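Q: Predicted model and sequence below, questions to follow.
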Amino acid sequence: MESEVVVAHELKAPLSLVRQLALSLDFEEDMKGVHEVGRQIVATSERALQQVNDLTRIARLEDAMFEMEPVNPRVVCDEVVDELWRLFEFNRRELRIEYRNKRRLVVANPQLLHSVVYNFCLNAMNYGGEELPSEISVIDRANKIRIAVRDYGPAVPTKIWREIKDGFVNKPVATPMRPGSSGLGLYIAAKFANYMGSDFGLIRHRDGTSFYIDLPVSGQLSFL
Amino acid sequence: MIYVIEDDRGWESYYRRLLKRDDVKYFHDGVAAIAEMDGEVPDLVILDVLLTGPTGFAVLNEMRSYPELMNVPAAIVSSVSLGDNIAEKYGVVATFDKGKMQPSELLELVGRYA
């Protein structure tokens, strides 16, 4: 039951904001303001839809609906940035991306990998420090490629850190340190990473945290 | 001066657009807000319950422990379901459910106290 409560609360937050923003349109004084609120409604709705889609995908994991294939990690990361930059902007955050890899492909499911990176970024947005960016990095590591998302926020609670290090994220867990992020995103990312057989973990920095996923390099040449 | 304590930047953005006032300070956690109150007594505090760090209830308890902040009007705006006795227990002038409130209610509250 605790998990359902966490999920319900996580979904209620963007829905409440969308409703409130829609109601506030009556108080906008010009079309510029109306358009701005409209864009925030769209960005917030898309975030909620992504969460619903992810939860639906989790339910379908057991049916082995997601095939593995060669995927260009740069394309996935670019898509995520394209979808999230406006939400970051409304949250007064900046999302950066840095490629430190050759143009190689990884073996993954594109939908699930997209969700992993997306949820890492949302986590960074919620946890990131004031006026500090979140950074996506794509890094070569021998026969693997690491996609990491770094934030400059407060340290991840030890309990969550241990669960992730032990590969044991079986339910979303609300943490008093970061109620804005209930742990649902990390739970989703862990589920999908586990399904793809990839390594999932985090690095604790003195001034923040990096969540990462390590994916095997595909033998197929890059399309680019 | 109005203090808004809200750690969700999307909601902060909403408040900024709706209130359109210069005399509003925004805080993302209760610790920073309480520290600011050390040198300034706000006219109204609007706060969420689930905050990064101490909860909104902890902030209210802290406020009520100082004589100069004891009677500062405070309103809770939260997604958390609140019990009937919350207003009385924490001395808040209003509680709003983020999923049900009307912008006009918030504006009316602000107009009444600040």
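A: Noted; the coordinates are in hand.

Q: Need the per-residue pLDDT for residue 62.
A: No chain specified, so I'll use chain A. Looking at A:Glu62, its pLDDT stands at 78.

Q: actually it's chain B I care about, not the one you picked
A: pLDDT, B:Glu62: 94.

Q: tell me which parts of chain B are close to chain A?
A: Residues of chain B lying close to chain A by Cβ under 8 Å from any Cβ of the partner chain are B:7-14, B:17-18, B:28, B:50-53, B:55, B:79-80, B:98-99, B:101-103, B:107. Backbone N, C-alpha and C define where each C-beta goes, glycine included.

Q: Please pick the buried ones from those residues.
A: Buried by 16 or more other Cβ atoms under 10 Å in any protein chain shown: B:7-14, B:17-18, B:28, B:50-53, B:55, B:79-80, B:98, B:101, B:103, out of these.

Q: ok, back up a step: mark which of the residues of chain B next to chain A are part of helices, please.
A: Secondary structure from DSSP state H places B:9-14, B:17-18, B:103, B:107 of the residues of chain B next to chain A in helices.

Q: Nearest to chain A among those residues?
A: Nearest to chain A among these is B:Arg9, at 3.4 Å by Cβ to the nearest Cβ.

Q: I'd guessed the closest one sits against A:Asn91; true?
A: Yes. Proximity of B:Arg9 to A:Asn91 meets the contact threshold set by Cβ atoms under 8 Å, at 3.4 Å.

Q: is it true that A:Glu46 lies in a strand?
A: No. According to DSSP: H, G, I helix; E, B strand; the rest coil, A:Glu46 belongs to no strand; its state is helix.

Q: so it makes contact with A:Trp85?
A: No. With contact defined as Cβ under 8 Å, A:Glu46 and A:Trp85 do not form a contacting pair (11.8 Å).

Q: For A:Phe211, which three-state class applies?
A: Recorded secondary structure, A:Phe211: strand (three-state DSSP).

Q: For it, give the beta-bridge partners.
A: Beta bridges link A:Phe211 to A:Val149, A:Leu202, judged by DSSP bridges.

Q: how far away is it from chain B?
A: For A:Phe211, the distance to chain B equals 18 Å [Cβ to the nearest Cβ, to the nearest Å].

Q: wait, what's in contact with that residue?
A: A:Phe211 is in contact with A:120, A:123-124, A:148-149, A:186, A:189, A:200-202, counting by Cβ atoms under 8 Å, 6 or more residues apart in numbering or on different chains.

Q: Which of the helices and strands in the chain ranks last by mean pLDDT?
A: No chain in the question, so chain A it is. Ranked by mean pLDDT, DSSP states H and E, the weakest helix or strand in chain A is helix A:158-165, scoring a mean of 68.

Q: wrong one, chain B
A: Using mean pLDDT, DSSP H and E, helix B:86-90 stands out as the lowest-scoring helix or strand of chain B, at a mean of 80.

Q: what ranges do the helices span in chain A?
A: A:2-24, A:31-61, A:73-90, A:110-127, A:158-165, A:184-195.

Q: Determine which stretch of these is the most buried.
A: The highest average neighbour count among those, using mean count of other Cβ atoms under 10 Å in any protein chain shown, belongs to helix A:110-127 at a mean of 25.
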